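Q: Here is the input, now give the coordinates:
(2 chains)
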Amino acid sequence: MSPTSETAQGGRRLVIVESPAKAKTIKGYLGPGYVVEASVGHIRDLPNGAAEVPAKYKGEPWARLGVNVDADFQPIYVVNHDKKDQVKKLKELLAESDELFLATDEDREGEAIAWHLQEVLKPKVPVRRMVFHEITKDAIREAVANPRELNKKLVDAQETRRILDRLYGYEVSPVLWKKVMPRLSAGRVQSVATRLVVERERERIAFRSAEYWDLTGTFATGRGGDASDPGTLAARLTAVDGRRVAQGRDFGSTGVLKDGSAVLHLDEANARALAAALADSAFAVRSVESKPYRRSPYAPFRTTTLQQEASRKLGFGAKATMQVAQKLYENGFITYMRTDSTTLSETAVQAARAQVTQLYGADYLPEKPRTYAGKVKNAQEAHEAIRPSGDRFRTPAETGLTGDQFRLYELIWKRTVASQMKDATGNSVTVKIAGRASDGRDAEFSASGKTITFHGFMKAYVEGADDPNAELDDRERRLPQVTEGDPLTAEEITADGHATKPPARYTEASLVKELEEREIGRPSTYASIIGTILDRGYVFKKGTALVPSFLSFAVVNLLEKHFGRLVDYDFTASMEEDLDRIARGEAQAVPWLRRFYFGSADGPEGSAADAGNGDGDHLGGLKELVTDLGAIDAREVSSFPVGDGIVLRVGRYGPYVERGEKDAEGHQRADVPEDLAPDELTVAYAEELLAKPSGDFELGTDPVSGNPVIARDGRYGPYVTEVLPEGTPKTGKNAVKPRTASLFKTMSLDTVTLDDALKLMSLPRVVGADAEGVEITAQNGRYGPYLKKGTDSRSLETEDQLFTITLDEALAIYAQPKQRGRAAAKPPLKELGTDPVSERPVVVKDGRFGPYVTDGETNATLRRDDDVETITPERGYELLAEKRAKGPAKKTAKKAPAKKATAKKATAKKTATKTAAKKTAAKKTTTAKKTTTAKKTTAKKTAAKKTATASAAAAPAE
DNA sequence: CAGTGAGCGAGCTTCCGCTTGACTT
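A: Below is the predicted model:
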């Protein structure tokens, strides 16, 4: 009975899949009576931030997490903003349907999407879960005919994974904001990825190169060379008097031989002496060893292997590869590109085999189809391998594709066809050559060759290599035909020096490969993981290499020391095991999460639920780790000794080197370029940096004083200053302070001129005196340009006025009553009527932190979604009500960690007592200051920092 | 990381996975 005939009697059925492209294909297989639509991925998720949290949960202590950690980790789900329209559409379609088929992918995430669909759509018609692993007419029809029930346990496993990731990310990231730098992030995947890159760099830093020498001999057989017999062979010295000559692999990372007694380490002098002693020696073939060579084709592509090969052969980054593949998928050229499976469907195998016969002949076709066992440990196998679509593969020429799409399709096509071809076979030969040196020593040389007698799959496809010096699989090396005892003459014997090399840095492709091997991340996220660690400034690219920043050293250092378990390389693998147990019903989600978050007094280790470091019996939960931060010494975590008393520190404004204590005699400090690779920071380089503080823009010499004038970026933004001659007293009663002045907002460090600087430094300008003879000056300050008369100061409107304002104008300003601050001087942006609670007029004002509503008593900043133009009075009252509700709750909730004395002096008495002197008090003042000066638009900073703020982004274009 | 002057409101950052357009350059 075909589905079509069923529907003739039934009614309309709605089938929901994940991808629109898939929906289109399936529609054709199911025919009329079936409506196929896509969910377009997940439709619901935990709220992203405060703005997305539903009103009724706002104010709850756990609202920022989106998970009620106090009530069995109950998650709050909201429909994703960009999925609202799609959900509406699905609801409408469901209203006209008699049956619902949830046909999302058959893996953990797919099952969860199906469940969320059911929760959101609330179907009143029968619901079926249907699954299929290949998109063919038969497979789809069979899936429709054999639906199953939703697997709630699998959904539980997904939800647990989601909650763990949220708790990890949203609890640990703020630790980094406090201890290292704002806006940083930590997460189960990105932090381990970053750690891998950092560890590799540490190995490179610790690496000590070893020098070793050997000999290369060119030996002639005496026969003439031709294509099949080269006549000469190049062989390397492998042993002297039976003792093997040391090669690179014999040395450890410290430059010392791993086993000094077993091998002979030749230095230059030894090697040259031996070469000389062999100059007139007679040589003969000592042995010839021939072994059959066999190589099997590579498995069809999955996401990671496609990314690796596209990188090696086409030079694509992971992201570019996925974008091109997406296009190919959408246009029906290839199967789904986010997969961890190397399995080909039966039709695909047949298509590949047909093409092998057609293009290469039956000789190249193995008797039986090849199958590839899943090499990926945690593969969910919801999809096929990546291959050309259809039951007959189009050759690249037939596709009509061009450019990158053509090249990627060709790669996929070749790999798929090759995967169904015969092994390549041939011979590998090792020839050993011996000679006696004039000093009596026996020298043995060795050469190896490879001949391929049957190319098999190599006709179609050979994999690339990461190392440009590595030989490709199909590379042949022919040796002359020799047999044991054949005499040879040495045409040339040269001594060659070599040095061992540090381990190579990761590339995008090799990092992704490493992550996959460690079961970290998923096919849909590999490319974006790289994007995340690049965006955060944890790594940067140097060519194709991923170089960790000093920032990432600080972050990884902190995580390793205080959250060791969370950045353990086995954490995810362990989590996956636990999740599998939950999916099988052998474990429960809530106790597992409880152990992860709240910890447990004892219990077996090894579960990902153990967030603590696992030292001793006590396993602290994540909450405990992020609550008491007193043990985390921010300074220590971001300090790295360079040597010679120099320390590298990662500060809020980037890395710098420092020698000595601040304010002490001989203290030195200098910025480190943001793109300096950590393994290039030597003591000598640090000295160089300290000798000449970087970041200075030399503008010229003040013609009056003769002092050099420089521009630099300071704590409060860009400024100009003069360099006083050596020996000028800086302290004491004869101290001379250099003239300094902040740049105007319209200026920037890379464009400011000497004239600008001199003009700026001429401030304050005496405008004149008032009737009583009190002097009025014009100057630039923290809050912008202003006039000063004794202790009475008035703001000016423009910076230009500093130079242009006349005495009369100044007196006119002073004639007016003093404004109570800038904010009060400004009229409200909007009036919103009377607040129903306080019964006071509500207005919108513009403040230091942007627009806010106030009733004169309570103030509330407008949220991201609010707009001054469109805000309604009701919204204004709501914001105020929220603020009132929230205010007191915060004041009593937390205990006072009493971090530093600065917390007291920095804030007004009112806040100091009322907000319980939170540890953020000290920080708050610095961030506030930073905000006012965040408008710095130096070329250096804007170029280096990816996280450009709105104000930084407003830098004048060049 | 310079060192000037007043008055005064914080809120947000962040995770991993599943999917595409909708945006601008």
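Q: and the residue in the stretch 601-750 of chain A positioned nearest to DNA strand B, how many neighbours?
A: Nearest residue of the stretch 601-750 of chain A to DNA strand B: A:Tyr653, at 2.5 Å (Cβ to the nearest atom of the strand). The C-beta positions use only the backbone N, C-alpha and C, and glycine is treated the same way. Using other Cβ atoms under 10 Å, A:Tyr653 has 14 other residues around it.
Q: What lies in contact with the helix or strand that contains A:Glu831?
A: Assigned by DSSP states H and E, A:Glu831 belongs to strand A:830-834. With contact meaning Cβ atoms under 8 Å, 6 or more residues apart in numbering, strand A:830-834 is reached by A:Arg840, A:Pro841, A:Val842, A:Val843, A:Val844, A:Val853, A:Val868, A:Ile871, A:Thr872, A:Pro873, A:Gly876, A:Tyr877.
Q: Do I have it right that the last one meets A:Ser838?
A: No: here A:Tyr877 lies out of contact with A:Ser838, judged by Cβ atoms under 8 Å, at a distance of 9.3 Å.
Q: quick one, which of those two is more surrounded?
A: Neighbour count, other Cβ under 10 Å: between A:Tyr877 and A:Ser838, A:Tyr877 has more, with 20 against 16.
Q: Give me the spatial nearest neighbour of the more buried one, chain neighbours excluded.
A: Computed as Cβ to Cβ, 6 or more residues apart in numbering, the closest residue to A:Tyr877 that is not its neighbour in sequence is A:Asp835, at 5.4 Å.
Q: What count of nearby residues applies to that neighbour?
A: Here the count is done by other Cβ under 10 Å, and A:Asp835 has 22 residues near it.
Q: hang on, isn't it packed against A:Leu880?
A: Yes: counting by Cβ under 8 Å, A:Asp835 sits close enough to A:Leu880 to count as a contact (6.0 Å).
Q: any common contacting residues for the two?
A: By Cβ under 8 Å, 6+ apart, A:Asp835 and A:Leu880 have these common neighbours: A:Val842, A:Asp855.
Q: next helix or strand past the strand holding A:Glu831?
A: Following strand A:830-834 toward the C-terminus (DSSP H and E): strand A:841-847.
Q: quick check: angle from that next one to strand A:830-834?
A: Per axes from the mean of the first three to the mean of the last three Cα atoms, to 10 degrees, the angle that strand A:841-847 makes with strand A:830-834 is 150 degrees.
Q: How far away from the center of its chain is strand A:841-847?
A: The chain centre lies 41 Å from the centre of strand A:841-847; the measure is Cα atoms, centre = their mean, to the nearest Å.
Q: so does that strand get close to DNA strand B?
A: Yes: contact of strand A:841-847 with DNA strand B (Cβ under 7 Å from any atom of the strand) involves A:Lys845, A:Asp846, A:Gly847.
Q: Now do the SS call for A:Gln307.
A: When classified by DSSP: H, G, I helix; E, B strand; the rest coil, A:Gln307 comes out as helix.
Q: typo on my end, A:Pro718
A: Of the three states, A:Pro718 takes strand under three-state DSSP.
Q: if I look at it, how far off is A:Thr798?
A: Counting by Cβ to Cβ, to the nearest Å, the separation of A:Pro718 from A:Thr798 is 19 Å.
Q: Which one's more surrounded, those two?
A: Under the criterion of other Cβ under 10 Å, the comparison of A:Pro718 against A:Thr798 puts A:Pro718 first, with 24 against 13.
Q: May I see the buried residues of the helix or strand harbouring A:Ser173?
A: Using DSSP H and E, A:Ser173 sits in helix A:152-179. Of the residues in helix A:152-179, A:154-164, A:166-176, A:179 count as buried by neighbour count, 16 or more other Cβ atoms under 10 Å.
Q: List, one by one, the residues from the stretch 1-150 of chain A near DNA strand B.
A: Residues of the stretch 1-150 of chain A lying close to DNA strand B by Cβ under 7 Å from any atom of the strand are A:18-22, A:38, A:40-42, A:45-46, A:48-51, A:64, A:80, A:82, A:105, A:107-110, A:113.
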